[in-house]
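Asker: sequence plus predicted model, see below.
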There are 2 protein chains.
Amino acid sequence: MSRVLVVDDEPQIRRALSINLRARGYDVEVAQDGERALELAARKHPDVVVLDLGLPGIDGVDVIRGLRGWTQVPIVVLSVRDAEDDKVAALDAGADDFVTKPFGMDELLARLRAALRRTAPAEEDAVIDTADFTIDLAAKKVQRNGEEVRLTPTEWHLVEVLVRNRGRLVAQTQLLQEVWGPQYHDETNYLRVFMAQVRRKLEPEPAHPRYFITEPGMGDRFEP
Amino acid sequence: MSRVLVVDDEPQIRRALSINLRARGYDVEVAQDGERALELAARKHPDVVVLDLGLPGIDGVDVIRGLRGWTQVPIVVLSVRDAEDDKVAALDAGADDFVTKPFGMDELLARLRAALRRTAPAEEDAVIDTADFTIDLAAKKVQRNGEEVRLTPTEWHLVEVLVRNRGRLVAQTQLLQEVWGPQYHDETNYLRVFMAQVRRKLEPEPAHPRYFITEPGMGDRFEP
DNA sequence: GCGCAGTTGACAACCCGTTAACAGGTCGTT
DNA sequence: AACGACCTGTTAACGGGTTGTCAACTGCGC
């Protein structure tokens, strides 16, 4: 199920959210301050972030900026009532939604579902069919000639980003950051190696790719 | 600028929002009940909907469902405090965000910006069509006679600057600085070489350019 | 320790920006 | 009208950087 990163300095809130979210089937990571939040986000690639604005150390709004520098992951902010200015600043920094403390668990869960649904592919777009293979984004499966093709996690992640932007050119730095994390923005080696692996598994002629196209100097794209 | 559809049954709120939003440069449509909201949304295709939950006639949540049947337009819901159940129902029906009444105009504006920003990448389908070719700025693709034309990074960069300023004359120094960098302001050689390459790839008669025009001594411009 | 996945390095093939050289055209000057 | 200076258009070669590919290495989990 979906991975959630919870960022809050109050242990009892971390604990409450952790228990409640796990009970609903989410994978939960917790961080108690901004530094750890950014580091965990880079390592674990959560599907959604729940972030308390009132953090010790790095300010919550700066955490949002730090995340927005490299990822579009939805961010749900927790804030105290009457902190109107903070809310506006958070939204402008790129937060997706927020919940006022004290909050009901039902409301938070509803907002998490809403945030996740926004990034989830629309139902009808979840399956991409080509003449040579079929990609099911929801099920995370690829079929070729009726047989299932196994992709490693990184290979899949790469394919996913390209397919979600099908028809569009995706810059190398963007691909690297979305698949490997913010500090990998110039490890173009990885891209070459994994594009080659993906092509070997999916392209009819890996040496003359038809779907996973590299535009020299510009980036890569998936052509359906 | 962006088109906003405001749905509320209270005339003073419609009026206040209408004035404030227009003052910020939004195009505003108003509807006083659910039926008109659905009808206006279908006719005008707003970029974002501001919807009061407590409507006469069709329930606000049903309006959300009605919209979600055919569009992903972001919906910002207005609701009274303590209507927790309504909020959850609205979010699950597909609302994107909501604001509790009474609300500050700053907060509403911030949430509108956030909602618009979420769809911005998709919305920004800047596609320029001419009789001879099509330029898709978002996908970084150029088509000519149904076939894809490949531009090198520098060629693309040059085309992009010209197209974004379509119809306007762009000075040589400005082009050189935007495409090659600040220290290249007088390398007019580059401009000639690359304008020629772009013309060769896109113009029907490269020797008599119709789209990529050089105004001697002044600069260049793209004529759609 | 075995197997899988990700990481790293090496190298050839290729692509693209740079550069130079020259032809054609325009304009001002004589 | 003739001339030359200057700007523009066109082409081709060079060299450096990027890409595709392979294989060995590392680290982790079973």
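Answerer: The structure has been received and is ready for your questions.

Asker: where does chain A have low pLDDT?
Answerer: Flagging of chain A using pLDDT under 70 yields the residue ranges A:1, A:81-84, A:119-125.

Asker: alongside DNA strand C, which residues does chain A contribute?
Answerer: Residues of chain A lying near DNA strand C by Cβ under 7 Å from any atom of the strand: A:150, A:152-155, A:180, A:187, A:189-190, A:193-194, A:215-217. C-beta here means a position set from N, CA and C on the backbone, and glycine is covered the same way.

Asker: closest one of the residues you listed to A:Asp106?
Answerer: Of all these, A:Asp106 sits closest to A:Pro153, with 33.0 Å by Cβ to Cβ.

Asker: count of neighbours near the closest one?
Answerer: Counted by other Cβ atoms under 10 Å in any protein chain shown, the residues lying close to A:Pro153 total 9.

Asker: tell me the phi and psi of it?
Answerer: Phi and psi for A:Pro153, reported as degrees, to the nearest 10, are phi -50, psi -50.

Asker: can you give me the strands in chain A?
Answerer: A:3-7, A:27-31, A:48-52, A:75-80, A:97-101, A:127-129, A:134-136, A:141-144, A:147-149, A:170-171, A:212-215, A:219-222 (DSSP state E).

Asker: all helices for chain A, in order.
Answerer: In chain A, helices defined by DSSP state H lie at A:11-23, A:34-44, A:60-68, A:84-93, A:105-119, A:153-164, A:172-179, A:188-202, listed in chain order.

Asker: tabulate those (TSV), appending distance to B:Asp27.
Answerer: Shown next, in TSV, are the helices of chain A (distance: least, Cβ to Cβ, whole Å):
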stretch	distance to B:Asp27
helix A:11-23	41
helix A:34-44	37
helix A:60-68	28
helix A:84-93	22
helix A:105-119	24
helix A:153-164	30
helix A:172-179	32
helix A:188-202	42
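
Asker: can you put the strands of chain A in TSV and add distance to B:Val49 and mean neighbour count?
Answerer: Listed next are the strands of chain A as TSV, based on distance: least, Cβ to Cβ, whole Å; neighbours: other Cβ atoms under 10 Å in any protein chain shown:
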stretch	distance to B:Val49	mean neighbour count
strand A:3-7	28	23
strand A:27-31	33	19
strand A:48-52	24	25
strand A:75-80	21	22
strand A:97-101	16	19
strand A:127-129	29	15
strand A:134-136	32	18
strand A:141-144	36	17
strand A:147-149	42	11
strand A:170-171	30	18
strand A:212-215	37	18
strand A:219-222	32	22
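
Asker: closest to B:Arg210 out of those strands?
Answerer: The closest of the strands of chain A to B:Arg210 is strand A:212-215. By Cβ to Cβ, the value is 26.5 Å.

Asker: what is that closest one packed up against?
Answerer: Applying 3 or more Cβ pairs under 8 Å, 6 or more residues apart in numbering or on different chains; DSSP states H and E, one finds that strand A:212-215 contacts helix A:188-202, strand A:219-222.

Asker: nice, that's everything, thank you.
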